[in-house]
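K.L.:
this is a predicted model, with the sequence first.
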Amino acid sequence: IPINASGVYDYTENSVQLMTAHRSKGLEFNTVFIISAVKKVWDSKGRNEMLQLAPNMQQVAHTGNLDDNLRVFYVATTRAKNNLIITGYLKEDDGKEVASYGAIEAPAIQALLPRPKKPLKMPSDPMSQLNRTERQWFDNHRQLPHKTMKELLSARLDTYKLSVTHLNNFLDVSQGGPINFLLGNLLQFPSAMNPGAAFGSAMHESLQYLHNYFLNHKSLPTLDDILKYFDSSLKLKRLGPVDENNFLERGHLALEKLIQERGEDINARQTPEQNFFAQGVTLGDAKLTGKIDVLEINKRQANVIDYKTGSAINNWKPQNKTTYEKIKMHKYAQQLYFYKLLVEGSRTWGDQGVKLNSAELVFVEPNSHGHISVLELDLNDKQELERLSALIKAVWQRIINLDFPDISEYSPDVKGIRAFEDYLVDNYK
């Protein structure tokens with residue numbers, strides 16, 4: 001299976017192509033470096049002698065003929081059009097001396113090579129090594145390729161699909177908005193998963209296991225089985241001991257209460273982790289994707305269940321809600337309407353006339369009264385759906401054009417988010 005890595009430096013004019021001598025056959029470069037031209041590397045017989053072949057297969061075994069190595073070395077040297085630089089080293093890290101490659105020591109070869117420079121003696125104290133490594137790193141990375149960002153990201157943009165998570169990241173001015181989206185979602189800068197997100201991931205994996213088990217066995221797993229699955233999933237998140245113990249306790253309490261209060265609602269019509277990546281959902285020029293925690297189809301009516309960890313929200317009214325809760329409510333509503341667009345625009349269900357008229361958020365951790373909270377949303381508000389559709393088209397255009405507006409004038413609350421959304425829609429062309 002080929003693994004394709006498309007970094008921004010891969011095929012730029014000044015990029016370095018790192019490859020084996022075998023891989024270089026048929027290619028030519030202005031300058032070629034052959035590294036580690038020492039006997040132990042180029043005169044090595046390899047490790048094939050460690051494999052014991054059957055007697056009738058000995059004829060296919062690699063004999064370690066040094067002429068083969070010489071031919072490969074010749075291939076490497078003849079890849080250079082103008083400059084050939086051969087490097088080696090005199091000692092291993094442990095101080096053991098190393099012999100140079102015999103082929104380049106031959107008089108005929110030495111006559112062609114310029115007089116070798118005196119070996120460079122590198123400082124060996126820890127501070128010098130640290131400074132040298134730091135300089136090497138900056139030398140390799142501080143000069144960017146001479147291409148525009150759109151040229152560098154063209155391959156990624158060609159296959160890009162917008163999810164509701166990406167949409168909300170672009171719009172959330174309280175968390176950096178467009179720049180946060182650019183760094184985290186488009187450029188995919190690495191970031192550590194915080195403990196709360198790790199807990200949420202382990203809970204979703206366990207609930208997916210719960211639904212899949214029901215589909216396969218027509219019954220729920222035992223509480224002990226589901227708790228063991230959760231424990232294993234959380235263990236893989238590599239949390240610290242304090243966080244792990246805290247989330248183990250919270251997870252056990254949540255799963256036990258969820259099965260007790262919602263176990264009877266699980267049925268064979270429910271499909272967990274429904275992925276819409278290959279469903280061909282579009283909205284104008286925008287290509288949409290996403291995953292739905294649980295999709296339930298009953299004839300031509302669909303229902304969505306989205307599981308949430310953390311504190312429950314009991315109603316959609318903004319009164320007596322914190323700024324954080326109001327932002328969450330806004331994102332949740334847009335998420336569920338986005339799911340309506342996915343389901344009704346999909347090949348599998350949309351082409352059959354399936355409609356998603358309602359959805360529910362299930363907060364899997366017990367509320368202050370010790371029960372599981374469920375928040376339902378009617379998805380038949382045409383004005384809200386039209387607004388979201390216009391917003392998606394506007395955000396899609398910004399993403400494809402790599403146009404990330406300044407958000408400094410917007411307040412970091414739901415009012416600021418809505419004002420930014422209105423600006424995007426109003427300036428969509």
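P.N.:
That came through fine. Residues are numbered from 1 along each chain as shown.
K.L.:
point to the residue nearest the middle of this structure.
P.N.:
When the chain is reduced to its mean C-alpha position, the nearest residue by Cα atoms, centre = their mean turns out to be Gln188, at 6.7 Å.
K.L.:
show me where the stretch 201-350 of the chain has its helices.
P.N.:
With DSSP state H, counting those that start in this stretch, the ranges of helices along the stretch 201-350 of the chain come out as 223-235, 241-262, 323-344.
K.L.:
pass me the low-pLDDT residue ranges in the stretch 1-150 of the chain, would you?
P.N.:
Within the stretch 1-150 of the chain, the ranges that satisfy pLDDT under 70 run 1-13, 44-66, 93-94, 112, 114-123, 139-146.
K.L.:
can you map out the strands along it?
P.N.:
Secondary structure of the stretch 1-150 of the chain, counting by DSSP state E, counting those that start in this stretch: strands at 29-34, 80-86.
K.L.:
can I get the ones you listed in JSON lines with distance to Glu376?
P.N.:
Heads up, the C-betas are built off the backbone N, CA and C, glycines and all. Conversion of these to JSON lines gives the following (distance: least, Cβ to Cβ, whole Å):
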{"stretch": "strand 29-34", "distance to Glu376": "64"}
{"stretch": "strand 80-86", "distance to Glu376": "69"}
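K.L.:
out of the ones you listed, which one sits most buried?
P.N.:
strand 29-34 (a mean of 15; mean count of other Cβ atoms under 10 Å).
K.L.:
parallel or antiparallel, list what pairs with that one.
P.N.:
Based on DSSP bridges, the pairing partners of strand 29-34 within the sheet are strand 80-86 (parallel).
K.L.:
tell me how far Asp285 lies from Ser389.
P.N.:
Distance of Asp285 to Ser389, given as Cβ to Cβ, to the nearest Å: 12 Å.
K.L.:
okay, those two: which has more neighbours?
P.N.:
In this comparison of Asp285 against Ser389, neighbours counted by other Cβ atoms under 10 Å, the higher total goes to Ser389 at 17 against 9.
K.L.:
sec struct for the more buried one, please.
P.N.:
The three-state label for Ser389, taken from DSSP: H, G, I helix; E, B strand; the rest coil, comes out as helix.
K.L.:
circling back to that earlier point, what's the closest of the helices of the stretch 201-350 of the chain to Thr271?
P.N.:
Counting by Cβ to Cβ, Thr271 lies closest to helix 323-344 out of the helices of the stretch 201-350 of the chain; the figure is 11.6 Å.
K.L.:
what residues of the closest one count as buried?
P.N.:
Within helix 323-344, the residues that count as buried by 16 or more other Cβ atoms under 10 Å are 326-344.
K.L.:
how close does Ser373 sit to Gly177?
P.N.:
Using Cβ to Cβ, one obtains 30 Å as the distance from Ser373 to Gly177.
K.L.:
between those two, who's got more neighbours?
P.N.:
Gly177 (23 against 19).
K.L.:
list the contacts for that one?
P.N.:
169-171, 407, 410, 420 (Cβ atoms under 8 Å, 6 or more residues apart in numbering).
K.L.:
so how far is Tyr339 from the residue of the chain positioned farthest from its centre?
P.N.:
Here the chain reaches farthest from its C-alpha mean at Pro107, the gap being 53.8 Å by Cα atoms, centre = their mean. Here the distance between Pro107 and Tyr339 works out to 76 Å (Cβ to Cβ).
K.L.:
now do the strands in the stretch 151-300 of the chain.
P.N.:
So, for the stretch 151-300 of the chain - with DSSP E, counting those that start in this stretch - the strands run 270-275, 281-283, 286-288, 291-298.
K.L.:
would you turn the ones you listed into TSV with mean pLDDT and distance to Asn357?
P.N.:
Formatted as TSV, the entries for the strands of the stretch 151-300 of the chain read as follows, by pLDDT from 0 to 100; distance: least, Cβ to Cβ, whole Å:
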stretch	mean pLDDT	distance to Asn357
strand 270-275	94	17
strand 281-283	97	18
strand 286-288	97	19
strand 291-298	95	12
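K.L.:
buried set for the helix or strand where Lys393 lies?
P.N.:
Per DSSP states H and E, Lys393 falls inside helix 382-400. In terms of neighbour count (16+ other Cβ under 10 Å), helix 382-400 has its buried residues at 385, 387-399.
K.L.:
who are the packing partners of it?
P.N.:
Using 3 or more Cβ pairs under 8 Å, 6 or more residues apart in numbering; DSSP states H and E as the contact definition, the elements that helix 382-400 packs against are helix 164-171, strand 281-283, strand 286-288, helix 323-344, helix 414-426.
K.L.:
any chance of JSON lines for these, columns distance to Leu377?
P.N.:
Rendered in JSON lines, the data for these read as follows (distance: least, Cβ to Cβ, whole Å):
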{"stretch": "helix 164-171", "distance to Leu377": "14"}
{"stretch": "strand 281-283", "distance to Leu377": "20"}
{"stretch": "strand 286-288", "distance to Leu377": "19"}
{"stretch": "helix 323-344", "distance to Leu377": "5"}
{"stretch": "helix 414-426", "distance to Leu377": "16"}
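K.L.:
between those, which gets nearest to Lys299?
P.N.:
Go through the helices and strands packed on helix 382-400 one by one with Cβ to Cβ and the one that ends up closest to Lys299 is helix 323-344, at 13.9 Å.
K.L.:
now the helix or strand just after the closest one against strand 291-298, angle please.
P.N.:
Next along the chain after helix 323-344, taking DSSP H and E as the criterion, comes strand 355-363. With axes from the mean of the first three to the mean of the last three Cα atoms, to 10 degrees applied, the angle from strand 355-363 to strand 291-298 works out at 120 degrees.
K.L.:
any chance you could list what contacts strand 355-363?
P.N.:
Counting contacts by Cβ under 8 Å, 6+ apart, the residues outside strand 355-363 that touch it are 258, 262, 300-313, 332, 336, 339-340, 343-344, 372-380.
K.L.:
now do the buried residues in that strand.
P.N.:
Burial within strand 355-363, assessed by neighbour count using 16+ other Cβ under 10 Å, is assigned to 356, 358-359, 361-363.
K.L.:
what's the first helix or strand after it?
P.N.:
Tracing the chain past strand 355-363, the next element assigned as helix or strand by DSSP H and E is strand 373-378.
K.L.:
burial of the nearest residue to Glu256 once chain neighbours are set aside, as a residue count?
P.N.:
Computed as Cβ to Cβ, 6 or more residues apart in numbering, the closest residue to Glu256 that is not its neighbour in sequence is Leu223, at 6.2 Å. By other Cβ under 10 Å, the residues close to Leu223 number 14.
K.L.:
how close does Leu223 sit to Gly200?
P.N.:
Distance from Leu223 to Gly200, counting by Cβ to Cβ: 21 Å.
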